[in-house]
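**Q** Sequence unavailable; structure follows:
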């Protein structure tokens, strides 16, 4: 202790103390910081951003601007996050084919790697919702837990989603040509991302008001509803008694009327007049 | 089967056909009934036999279908699904039961119709109409009896009996009128206020997220999001939850302050967070088809559209009032709270509604 104390006024003492403090802070940060943030500056991430920027310049910049700042043709992408990119490009909605009331989903022309690169670039523009990994959105494979998720997801779906997407997830009309699309055959990841980010006119359901686990329950319910066999045959859009009644009146009663007319139009008389 | 039947046709019919219709001197004469035309089955025994076999065949098919119904019920597993062309996947049991029962009933009906058309007598029978009033003698007799009865009962003479009878008959319907009270009681002030009426500036009520059942902070509500809220203290397990939530339900949105066109609406909100009643002012449907870019909320029942950025002004549809907005602020812990009720009644209009 004496030796250390004797050198405390050495010209290099301050430098040594500073270096020790920095090493301690850095070490603690590296030990406790979340893994994904620690990787944020790794070379592969920077490479992805560079590649994403190139893809963005080709496919997206004509509407969203070279740096995603937006233009009269497309909104700013600062702060939309990687989840929004993964949803919009992954479902083929972006790049948009033409302006209109709503951009429909179509065949996706990007590979998942390219989408990830685009997402990395857009995420680098500003913090936003991060694309989920499968642990977040995949419903449980354990039957009992899955059944619970489906039940809870059904309640949440009816509170938050069914007003637009129909109680069976078949979609429905909105104002001025806009519509809520059908949820049939939509990837679990994309359903999750849509709730996170609120694409186009859909409101978002952020983790602060709808926690991750609840989104996962909704995904479980939608998947269950899609996979569930329909013992009733013709669902007629799952719109309920209005379509079913209309169908019954027109085709059921119509058939009976046609038969009655046919019977009455054919005489049994020997002499056909 | 095409053998000539003309030799079987009765001569009289062949001759008389059409002659009655022709009028010679009076063009407006009653042409009378057309001559009866025989059916093929009336004049050809083989055709009649064939019709008999057809009717019996239909009845036999019906019997088989009923047996099929019982057999399907006994043999088909309730969970089995099959693919039937235009219908898609259907429950095999439901389909089999429906088809067999349908065939069984249809064949009875079709057999009966075919029987009546081909084999039962089809001779036209005119039924002449007569005057419905009775003859004079009978009427005079009835009137005489009535007068005798009235005199013997003393109805005209014993005034007290007559008057009390009339009184009792007049009072009986009152029982029915009194029972109408059960349609009430009148709603009184119930429609005027919601559960938020209990909130005061001194004792505010927190907005509770319907998903998490937790109060919310302003930073939880991001722009473009949609959250449904209920007053703190109202639980789904409450006996009157459904009646309460039908008035108290809130739709909480956050709109960029510069996009809010109605200054009063912005002032009722908190930093762009607006809490609107979720109940449509037309007939009270829950309205929550919210478009976050246009800030329009659409009612699924009759397409009333409200602009949530403009004080929920009605921009389309039959609704007569904007959606009522709840004044919100934050309490000392930073949670979103309401300090009072809606300024106007929520939901559809009614007679006693102020304004």
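**A** On my side now, so go ahead. Quick caveat, the model's predicted, so the values are computed rather than measured.
**Q** Give me the distance between the residue nearest to residue B:72 when sequence neighbours are not counted and chain A.
**A** Leaving aside its chain neighbours, residue B:72 sits nearest to residue B:96 (3.7 Å; criterion: Cβ to Cβ, 6 or more residues apart in numbering or on different chains). Every C-beta, even on glycine, is put in place using the N, C-alpha and C of the backbone. Using Cβ to the nearest Cβ, to the nearest Å, we find residue B:96 at a distance of 12 Å from chain A.
**Q** list the helices and strands the helix or strand harbouring residue B:96 packs on?
**A** If you go by DSSP states H and E, residue B:96 is part of helix B:92-118. If contacts are counted by 3 or more Cβ pairs under 8 Å, 6 or more residues apart in numbering or on different chains; DSSP states H and E, helix B:92-118 sits against helix B:45-75, strand B:81-84.
**Q** Which residues are in contact with the residue most central in space within chain B?
**A** Geometric centre of chain B, nearest residue: residue B:301, 15.0 Å, by Cα atoms, centre = their mean. Counting by Cβ atoms under 8 Å, 6 or more residues apart in numbering or on different chains, residue B:301 touches B:280, B:282, B:283, B:285.
**Q** tell me the pLDDT at the residue nearest to residue B:72?
**A** Looking at residue B:96, its pLDDT reads 95.
**Q** That one - how many residues pack around it?
**A** Number of residues near residue B:96 (other Cβ atoms under 10 Å in any protein chain shown) recorded here: 20.
**Q** Surely it and residue B:75 touch.
**A** No. The pair formed by residue B:96 and residue B:75 falls short of the contact definition of Cβ atoms under 8 Å, at 9.0 Å.
**Q** right, and out of the contacts of residue B:301, which lies closest to residue A:224?
**A** residue B:285 (27.0 Å; Cβ to Cβ).
**Q** Let me see the ranges of the helices in chain A.
**A** A:2-6, A:13-32, A:35-38, A:43-59, A:61-64, A:81-90, A:112-125, A:134-137, A:143-160, A:162-165, A:188-197, A:212-227, A:241-247, A:254-265 (DSSP state H).
**Q** now, of those, which is deepest in the fold?
**A** Ranked by mean neighbour count, the helices of chain A are led by helix A:81-90 with a mean of 25 (mean count of other Cβ atoms under 10 Å in any protein chain shown).
**Q** Now residue B:251: closest residue in space, sequence neighbours ignored.
**A** Among residues not flanking residue B:251 along the chain, residue B:278 sits closest, at 4.6 Å (Cβ to Cβ, 6+ apart).
**Q** right, and that neighbour touches residue B:253 too?
**A** No. Judged on Cβ under 8 Å, residue B:278 makes no contact with residue B:253 at a distance of 11.1 Å.
**Q** Could you count how many residues lie near the residue nearest to residue B:251?
**A** 26.
**Q** check contacts around it.
**A** The contact partners of residue B:278, taken as Cβ under 8 Å, 6+ apart, are B:228, B:249, B:250, B:251, B:286, B:287, B:288.
**Q** between those residues, which is closest to chain A?
**A** Nearest to chain A, judged by Cβ to the nearest Cβ, of the contacts of residue B:278 is residue B:288 at 4.6 Å.
**Q** following the helix holding residue B:96, which helix or strand comes up?
**A** helix B:136-153.
**Q** coming back round to it: quick check: buried residues in the helix holding residue B:96?
**A** Residues of helix B:92-118 classed as buried by neighbour count (16 or more other Cβ atoms under 10 Å in any protein chain shown): B:92-97, B:100, B:103-104, B:107-108, B:110-111, B:114-115, B:117-118.
**Q** Now do the same contact list for residue 96.
**A** You didn't say which chain, so I picked chain A. Taking Cβ under 8 Å, 6+ apart, we find residue A:96 in contact with A:63, A:74, A:103.
**Q** Can you look at chain B instead?
**A** Taking Cβ under 8 Å, 6+ apart as the contact definition, residue B:96 lies against B:68, B:69, B:72, B:76.
**Q** Isn't residue B:110 up against residue B:59?
**A** No. Taking Cβ under 8 Å as the definition, residue B:110 is not a contact partner of residue B:59, at 9.6 Å.
**Q** near chain A, which residues of the stretch 101-250 of chain B?
**A** B:113, B:117-118, B:122, B:209-212, B:216, B:219-222, B:224-228 (Cβ under 8 Å from any Cβ of the partner chain).
**Q** Could you rerun that using 6 Å?
**A** Counting by Cβ under 6 Å from any Cβ of the partner chain, the positions of the stretch 101-250 of chain B adjacent to chain A are B:117, B:118, B:209, B:210, B:211, B:220, B:222, B:224, B:225, B:226, B:227.
**Q** And the furthest pair within those?
**A** Spanning the widest gap among those are B:118 and B:220, at 78.7 Å by Cβ to Cβ.
**Q** got the residues of the stretch 101-250 of chain A near chain B?
**A** A:159, A:163-164, A:174-175, A:198, A:201, A:203-204, A:206, A:208-210, A:214, A:229, A:231, A:233-234.
**Q** so how far is residue A:98 from the closest residue to residue B:87 other than its chain neighbours?
**A** The shortest distance from residue B:87 to any non-neighbouring residue, by Cβ to Cβ, 6+ apart, is to residue A:233 (3.6 Å). Noted for residue A:233: a distance of 37 Å to residue A:98, by Cβ to Cβ, to the nearest Å.
**Q** Check what pLDDT residue B:1 gets.
**A** pLDDT at residue B:1 comes out at 40.
**Q** Just the buried residues of stretch B:34-52, please?
**A** So for stretch B:34-52, counting by 16+ other Cβ under 10 Å, buried means B:35, B:37, B:38, B:39, B:40, B:41, B:42, B:43, B:44, B:47, B:48, B:51.
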